[in-house]
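In: Coordinates for the following, if possible.
(one chain, ligands or ions: 2)
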Amino acid sequence: MTNVIDDLDRETHALLAASPLAPERIDALIDDLIHQGFSCQRDFFPPVLINALLADLERLEACDALASAGIGRLKEHQLATSIRGDAIRWLNQESPAQRVYLKRLDELRSQINRALFIGLFEFEAHFARYPPGAFYKRHVDSFQGRANRVISTVTYLNRDWPVDGGGEMVLFESRQQGPDGFDPNAPIQEMARVLPEAGTLACFLSDTVPHEVLPTRLPRASIAGWFRRNASVNGVVDPAR
Ligand code: OGA
Ligand code: MN
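Out: Ligands and ions are numbered 1, 2, ... in the order given. Below you'll find the model as predicted:
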């Protein structure tokens with residue numbers, strides 16, 4: 001990965017130099033993941049990177065490059081605004097902000113691998129824009145039998161988010177899925193509530209931590225991402241997306 005930097009443009013270089021991650025914050029995040037299955041780190045990313053990412057999302061929005069989010073992958077893909085109301089765009093290294101963000105998450109990936117020996121091999125992420133009134137009902141990010149998403153990440157891009165802005169992400173107690181997934185009627189306890197404030201990074205185990213996005217009052221911007229393992233299902237490697 002290090003050699004790749006030599007080929008990067010000046011703007012990417014400058015943004016990289018201006019936005020290092022703090023090693024002690026990475027340690028704290030990994031510690032939380034081990035002990036409680038989730039972590040919420042405020043001001044994990046510096047404003048210079050968050051601002052660049054938000055500007056990038058606003059540019060994409062202005063040229064109509066966001067698409068309504070669907071549930072499921074490939075053939076199961078369907079629009080389902082009763083479940084989620086966000087519009088998304090997958091990150092693809094197309095801007096300095098995306099290149100730096102993906103580089104930082106790759107650094108985090110190797111740190112987690114080193115600490116936990118879990119062989120995360122890939123990261124995928126999309127911008128998400130929730131218009132006022134939008135939400136994402138309670139769900140898990142990875143399903144039994146195709147549990148290739150191992151750790152979920154959410155980075156928030158909203159500066160000066162008011163306490164009554166809505167749009168909190170609620171994390172519920174971690175639990176193992178039964179053969180048919182989760183029992184939707186089982187009582188479930190709230191573990192944490194995360195305000196979507198610029199610079200905050202939330203992480204949690206993708207297959208055991210149910211979570212939801214409460215209806216937002218203001219336009220809300222985030223980057224949802226997943227560290228993946230190369231899990232194959234019936235001998236077929238599940239592709240990204
Ligand atoms: C998701 C998700 C949470 C958020 O995209 O799967 O749970 O706060 N996002 O944006
Ligand atoms: Mn989710």
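
In: Mind giving me the packing neighbours of the helix or strand where residue 151 lies?
Out: Per DSSP states H and E, residue 151 falls inside strand 149-156. Strand 149-156 sits against helix 96-116, strand 201-205, strand 220-228, with contacts defined as 3 or more Cβ pairs under 8 Å, 6 or more residues apart in numbering; DSSP states H and E. Every residue, glycine included, has its C-beta placed from N, CA and C.

In: Recalculate using a threshold of 7 Å.
Out: strand 201-205, strand 220-228 (3 or more Cβ pairs under 7 Å, 6 or more residues apart in numbering; DSSP states H and E).

In: Following the first one in sequence, what is the next regular element?
Out: Note on strand 201-205: by DSSP H and E, the next helix or strand toward the C-terminus is strand 211-213.

In: Would you mind measuring from residue 173 to residue 96?
Out: Distance, residue 173 to residue 96, by Cβ to Cβ, to the nearest Å: 39 Å.

In: okay, the helices and strands packed on strand 149-156 in JSON lines with mean neighbour count and distance to residue 193 next?
Out: What follows is the helices and strands packed on strand 149-156, written out as JSON lines (neighbours: other Cβ atoms under 10 Å; distance: least, Cβ to Cβ, whole Å):
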{"stretch": "strand 201-205", "mean neighbour count": "24", "distance to residue 193": "10"}
{"stretch": "strand 220-228", "mean neighbour count": "23", "distance to residue 193": "15"}
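
In: circling back to that earlier point, could you check which of residue 173 and residue 96 is surrounded by more residues?
Out: residue 96 (20 against 14; other Cβ atoms under 10 Å).

In: hang on, that one packs against residue 13?
Out: No - between residue 96 and residue 13 there is no contact under Cβ atoms under 7 Å: 8.6 Å.

In: how about the helices in the chain?
Out: All helices of the chain, identified by DSSP state H, fall at 10-18, 23-36, 47-62, 96-116.

In: Is there proximity between the third one and ligand 1?
Out: No - applying Cβ under 6 Å from any ligand atom, one finds helix 47-62 out of contact with ligand 1, separated by at least 12.6 Å.

In: what's that helix packed up against?
Out: Using 3+ Cβ pairs under 7 Å, 6+ apart: helix 47-62 touches helix 10-18, helix 96-116, strand 122-130, strand 220-228.

In: hmm, who's touching the last one?
Out: Meaning strand 220-228. 53-54, 57, 105, 109, 120-130, 141, 148-158, 167, 196, 206 (Cβ atoms under 7 Å, 6 or more residues apart in numbering).

In: Kindly report the same for the second one.
Out: The set of residues that contact helix 96-116 without belonging to it, under Cβ under 7 Å, 6+ apart, is 1, 8-9, 11-12, 15-16, 19, 21, 26, 30, 49, 52-53, 56, 91-93, 119-120, 123, 151, 153, 225, 227.

In: What's the mean pLDDT across it?
Out: Averaging pLDDT along helix 96-116 yields 95.
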